[in-house]
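3D model of this:
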Amino acid sequence: MKKGIVLIFGILLFGCNHENSYLLLDDAIYFKNATIITANQHGDIINKQSHLIVQSDSIVYVGEKAPQIKGKYITIDVKGKYIMPGLIDSHVHLANVPGLNFKQKQKYPELIKAYYEQLPKSFLYYGFTTLIDLNNYAPDIVNNINESNLKPDIYTCGQQVQVMNDFMMEMEELPKRVRYQSPFLYDSYNENIKFPDSIDLKLHTPRKVIENLGKENAICVKTLYEDETSGFKKFWESPTKHIMTELITEAHNESLPVILHTTSFEGQSFAESVDVDIIAHGMWNWTTNPRELEYTKLPKAHQDLLKSISNKKIGYQPTFRTLFAEDDVLTESLLKDEEIKNVLPKIFIDWLHTEESQWIKRKLLNRINFIKKVNPEFYNQARMNFENDEEMRQRLTISVKKRLEIITKFLSDNDANLLFGSDGVAMNMYTNPPGYNGFLELTHWNEAGVSLETIFKAVTINNAKAFNLHNEIGSIEKGKKANILILNKSPLQDINAYNSIETIIINGKLINRDVLSAQNE
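Next up is the predicted model:
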């Protein structure tokens, strides 16, 4: 009798264990026969035939073995397709509108309305399921985008941190009253700046600045450093190393990475010396010597700096589109590009073909005249190498673009912590269209010689880790958010795979790519 009881108990126990091996699903999606491409937190790329289950907004199963499942679910056979994590663009400016300046934005509210209704769908159309706005000076715009039914996840750095009388304040010619009312960072180590007694400087310490960003739900801190390599004679203030170190310490106390905007050897040397977390923009400005503006052989000092940045694993955003989009304005190439019909409303594209929209082209063509006016000594020395101003502009444009390709390839070859960011929309240029601008950025990396594996990691797991989002997004793992792409080509074999997206899954919601096109308006 005892043996019979033991036998029955054993059968029941085995039955319970067998029953528990099933995954009970409720309104889930089971993707079978998938080729899943992802990268783990160590940077290893996994490329395997696997099975994937999404339930609600999360990944509940991923593995090579077919799962034992019960419950309510649909099955999608994705044989021959490629599944990867949603893309992350860690450098966007959502308050800027491509093609419209401040006055035009006031004049054409119908264009603004049409643009922002399409904007979140345009980012998703090109696979960008996560955006990080580095300078959220217009939180209402982000809040309005977040009310859309179809939208990427959006994070911000809050308002950009500026010391008094810095480059941005001076270039925008802000009146003193506006500067003092801003949440500026008081650089107590800079004796050049004097404040009236009415300003309570205790409200502008590094600690207070970080506290204020916390109230804005910032996940990062963005600040800037500019010098004379842009061709301007310096008349603004830059942060001191002491105040930057204090800011970084306070930011790290709150687990916030610090991003420094800088495009020069001097600025990136500053960034490396204070150990910022991320450098925004490639080092395309190499020298303040106007006779060396065409040099494209990477100097030894610059190589040593880039190697140190690589060794320290400081995050690095090359942002090719910052430069290349300017060239696209002058050639008007994007106005003839069929792809923009998918990301910009027709009413918007029609306006871009008007003379009124050419203000940005005139502004770029006038840049040398502006330098001639504000820094004639620099202009006269630089101009000696060229027949005329237009030749000077064209040849210098070629040089800075080449420099950016050189330094990006150098960083890639030295295993730098490259991070993907498109800098859209820089300077309100229409050549930074949402979503498509990111795809163009990917192609520039590829053309510069960066491997497809490095590009893949930069636009997924590297960005997630740099902004402390890696426990939620950036890879395909059980428990992570279901932000996923299904492609017809492998991103490890062809850069155009990023434009072969068939389906976007955002927070577990399945979306056919064609639905997101602006041509469906």
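
Next, the distance between the ends of stretch 381-398.
Counting by Cα to Cα, to the nearest Å, you get 19 Å between the two ends of stretch 381-398.

before we move on, what about stretch 269-289?
17 Å.

in stretch 193-208, what counts as buried?
Within stretch 193-208, the residues that qualify as buried are 204-206, 208, counting by 16 or more other Cβ atoms under 10 Å. Where you see a C-beta, it was placed from the backbone N, CA and C, and this is true even at glycine.

nearest to residue 292, of these?
Set against residue 292, the nearest of the buried residues of stretch 193-208 by Cβ to Cβ is residue 206 (36.5 Å).

pull the CA atoms of stretch 399-411 into PDB?
Extracted in PDB, the C-alpha atoms of stretch 399-411 (Å, rounded to 0.1, in the frame of the first residue of the first chain):
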ATOM      1  CA  SER A 399      37.900  69.600 -45.000                       C
ATOM      2  CA  VAL A 400      35.700  69.600 -41.900                       C
ATOM      3  CA  LYS A 401      33.600  66.700 -43.200                       C
ATOM      4  CA  LYS A 402      36.800  64.700 -44.000                       C
ATOM      5  CA  ARG A 403      38.100  65.400 -40.500                       C
ATOM      6  CA  LEU A 404      34.900  64.100 -38.900                       C
ATOM      7  CA  GLU A 405      35.200  60.900 -40.900                       C
ATOM      8  CA  ILE A 406      38.900  60.500 -39.900                       C
ATOM      9  CA  ILE A 407      38.300  61.000 -36.200                       C
ATOM     10  CA  THR A 408      35.200  58.800 -36.100                       C
ATOM     11  CA  LYS A 409      37.100  55.900 -37.900                       C
ATOM     12  CA  PHE A 410      40.100  56.500 -35.500                       C
ATOM     13  CA  LEU A 411      37.800  56.200 -32.500                       C
END
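
And the furthest pair within the buried residues of stretch 193-208?
Greatest spatial distance among those (Cβ to Cβ): 204 and 206, at 8.9 Å.

any residues in contact with both of the two?
Taking Cβ atoms under 8 Å, 6 or more residues apart in numbering as the criterion, residue 204 and residue 206 both touch residue 185.

Quick one: end-to-end length of stretch 348-357, please.
11 Å.

chain center to that stretch: distance?
Computed by Cα atoms, centre = their mean, to the nearest Å, the separation of stretch 348-357 from the middle of its chain amounts to 27 Å.

What residues of that stretch count as buried?
Quick answer for stretch 348-357 (16+ other Cβ under 10 Å): 348-349, 351-352, 357.

Can you pull out the residues in contact with that stretch?
99-100, 104, 108, 111, 114-115, 118, 335, 340-341, 344, 430.

for that stretch, what is the average pLDDT?
What stretch 348-357 shows for mean pLDDT is 96.

Excluding chain neighbours, give the residue nearest to residue 119 in space.
Setting aside the residues directly before and after it, residue 119 is nearest to residue 434 in space (Cβ to Cβ, 6 or more residues apart in numbering), at 5.1 Å.

Run a quick check on the one you found versus residue 117, I expect a contact.
No. The pair residue 434 and residue 117 fails to qualify as a contact (Cβ atoms under 8 Å) at a distance of 11.8 Å.

neighbours around residue 451, how many?
Residues lying near residue 451 (other Cβ atoms under 10 Å) number 13.

For it, give me the pLDDT.
According to the prediction, residue 451 has pLDDT 98.

list the contacts for it?
Residue 451 makes contact with residue 412 under the criterion Cβ under 8 Å, 6+ apart.

Give me the neighbour count for the residue lying closest to residue 253 once chain neighbours are set aside.
Nearest non-adjacent residue to residue 253, counting by Cβ to Cβ, 6+ apart: residue 210, 7.5 Å away. Residue 210: 24 surrounding residues under other Cβ under 10 Å.

again, but for residue 165
20.

Touching, it and residue 238? I think so.
No. Residue 165 lies out of contact with residue 238 (Cβ under 8 Å); the separation is 9.9 Å.

Which neighbours do the two have in common?
Shared contacts of residue 165 and residue 238 (Cβ under 8 Å, 6+ apart): none.

which helices and strands sit right next to the longest helix along the chain?
If you go by DSSP state H, the chain has its longest helix at helix 389-413. When contacts are defined as 3 or more Cβ pairs under 8 Å, 6 or more residues apart in numbering; DSSP states H and E, helix 389-413 packs onto helix 300-311, helix 320-331, helix 367-374, helix 376-383, strand 417-418, helix 436-447.

got any ranges where this protein has weak pLDDT?
Counting by pLDDT under 70, the ranges of the chain that qualify are 1-20.

Where is the longest strand in it?
strand 23-39 (DSSP state E).

Please list the outside residues in contact with the helix or strand following that strand.
If you walk from strand 23-39 toward the C-terminus, the next helix or strand you reach (DSSP states H and E) is strand 45-55. Applying Cβ under 8 Å, 6+ apart, the contact partners of strand 45-55 are 23, 25-40, 59-67, 69, 73, 83, 453, 456-457, 476, 482, 484, 490, 492, 505, 508.

Buried residues in stretch 122-139, which are they?
Across stretch 122-139, burial judged by 16+ other Cβ under 10 Å covers 122-136.

Which one of these is nearest to residue 278?
residue 134 (9.5 Å).

what residues are up against the closest residue to the closest one other than its chain neighbours?
Spatial nearest neighbour of residue 134, chain neighbours left out: residue 222 (4.5 Å); criterion: Cβ to Cβ, 6+ apart. Shown in contact with residue 222 (Cβ under 8 Å, 6+ apart): 134-135, 157-158, 160-161, 259, 261, 280.

which of the residues you listed has the most neighbours?
Counting neighbours by other Cβ under 10 Å, residue 259 comes out on top of the contacts of residue 222 with 31 neighbours.

element containing it, please.
strand 258-261.

What helices and strands are in contact with the next helix or strand after that strand?
Where DSSP H and E defines the elements, the next helix or strand beyond strand 258-261 is helix 265-274. Packing contacts for helix 265-274, counted by 3+ Cβ pairs under 8 Å, 6+ apart, involve helix 241-253, strand 258-261, helix 300-311.

Quick one: closest of those to residue 369.
Using Cβ to Cβ as the measure, strand 258-261 is the one of the helices and strands packed on helix 265-274 that comes nearest residue 369, at 25.2 Å.

Count residues in the vicinity of residue 267, would you?
The local packing of residue 267 (other Cβ under 10 Å) involves 22 other residues.

Give me the spatial nearest neighbour of it, chain neighbours excluded.
residue 225 (4.4 Å).

what residues are up against residue 154?
Going by Cβ under 8 Å, 6+ apart, residue 154 touches 94, 130-133, 142, 145-146.

just residue 466 next, same as before
90, 257, 277-278, 315, 417, 419.

how about a cut-off of 7 Å?
By Cβ atoms under 7 Å, 6 or more residues apart in numbering, the contact list for residue 466 reads 90, 257, 277-278, 315, 419.

what's the answer for residue 151, then?
Each residue near residue 151 by Cβ under 7 Å, 6+ apart is listed here: 120, 145.

Could I get the phi/psi values of it?
Per-residue torsions, residue 151: phi -160, psi 150 (degrees, to the nearest 10).

Enumerate the positions of stretch 249-260 that are buried.
250-251, 256-260.

What of stretch 447-462?
So, applying 16+ other Cβ under 10 Å, buried residues of stretch 447-462: 448, 450, 452, 454-462.

ok, residues contacting stretch 109-127?
So stretch 109-127 is in contact with 86-87, 97, 100, 105, 131, 144-145, 148, 150-152, 342-345, 347-348, 351, 434-436, 438-439, 485, 498, 501, 504, 506, 511, 513, 516-518, going by Cβ under 7 Å, 6+ apart.

For the helix or strand hosting residue 348, what is the distance to the chain centroid?
Using DSSP H and E, residue 348 maps to helix 346-352. Distance of helix 346-352 from the chain centroid (Cα atoms, centre = their mean) equals 26 Å.
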